[in-house]
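Engineer: Here you go, sequence then predicted model.
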Amino acid sequence: MQGRINERTRQNYLDAMGIQIWFPRQILPNALPPREFDFPEEELEPAPPSALADTLEPTQHPETAMGVSTAKDLLGITSNVETKQEPEPVAPVKQKVVTEVQPIEVSKFRLVTMPANEHCLVVAEMPHSGLNQFSRFHQRLLNDILRAIKMPAENDTLPFSEFVWPLGNIGLMEHLSQDDSAAADAVCAYLSNQFGLARRKVVLLFGQAAARFVIDPSRPFSDLKGIQKGLHSDQHFVVTHGLNELMKLPTLKSEAWQDISPIIKELNPS
């Protein structure tokens, strides 16, 4: 047939011949069956007369002259010919169950460290936020405790240094672990390098963070209270409540003295 036919007529002829127009390159898992595309209606353009039409009477149509009523009959296609190929069913793909990873909770604490004298080191926990929290009242209470255990401070006003955890996302710090184990390693390295932790005979630890991150972060504070063995046989850790707690709750002072007083016999066995 010469000339241009509209898209709808072309689709009808191809469908009658059982020709599938669209073929997927691959079948996607769990894809829906393809839908038939509805082409927009186009106006029919008069086709030029063909050679077959010239041989017929003006009142005869090519199809009726040949005794054919449909395009399928014209092309000799029976009704048993499949006109549409259905895609093969694809087994559903099992989806991976992704478990949400819970973020590790990072401990936050501030430690104030003071070398009381040649043999004694003091590590006291302070609130994590705030500045200049170690006041003269804390200093006075600490001096009374040191005199009571017969290890007085060299000066009435002790210089102190602060250690704050976590260290913050500065430089390479953001790539380092800041869990409790890493915090304990950092605290011990800080005390060893800055204050000679190993050479001190007595290390007074005031507060939960001071006790856990100097001795063992996996043990509860209740198990650490009192006297604990230090890094070697001649060293002792003395653990009790924080200085802030003792000032706010004076009733804890008697309990703190029970934790601290046994060190007097350890230092003076005779």
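Structural biologist: Right, received. Where do you want to start?
Engineer: Alpha carbons of the host helix or strand of residue 184, in CSV - could you do that?
Structural biologist: Residue 184 is part of helix 180-195, with elements assigned from DSSP states H and E. This file holds the C-alpha atoms of helix 180-195, laid out as CSV (Å, rounded to 0.1, in the frame of the first residue of the first chain):
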residue,chain,number,x,y,z
ASP,A,180,33.8,4.6,77.7
SER,A,181,36.9,2.4,77.0
ALA,A,182,38.5,5.2,74.9
ALA,A,183,37.6,7.7,77.6
ALA,A,184,39.4,5.6,80.3
ASP,A,185,42.5,5.3,78.1
ALA,A,186,42.5,9.0,77.6
VAL,A,187,42.1,9.8,81.3
CYS,A,188,44.9,7.5,82.3
ALA,A,189,47.3,8.8,79.6
TYR,A,190,46.5,12.3,80.7
LEU,A,191,47.2,11.6,84.4
SER,A,192,50.3,9.6,83.6
ASN,A,193,51.8,12.2,81.3
GLN,A,194,50.9,15.3,83.2
PHE,A,195,51.0,14.3,86.8
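Engineer: which residues are contacting the helix or strand just after that helix?
Structural biologist: Counting by DSSP H and E, the next helix or strand C-terminal to helix 180-195 is strand 202-206. If you take C-beta atoms under 8 Å, 6 or more residues apart in numbering as the criterion, strand 202-206 is touched by 116, 119-125, 145, 149, 151, 197, 211, 214-215, 224, 230, 235-243, 246, 260, 263, 267. (Each C-beta comes from the backbone N, C-alpha and C, glycine too.)
Engineer: Tell me which other helices or strands whichever helix or strand comes after strand 202-206 touches.
Structural biologist: Per DSSP H and E, the first helix or strand lying C-terminal to strand 202-206 is helix 208-214. Helix 208-214 sits against strand 109-115, strand 120-126, helix 180-195, strand 202-206, helix 221-224, strand 236-240, with contacts defined as 3 or more C-beta pairs under 8 Å, 6 or more residues apart in numbering; DSSP states H and E.
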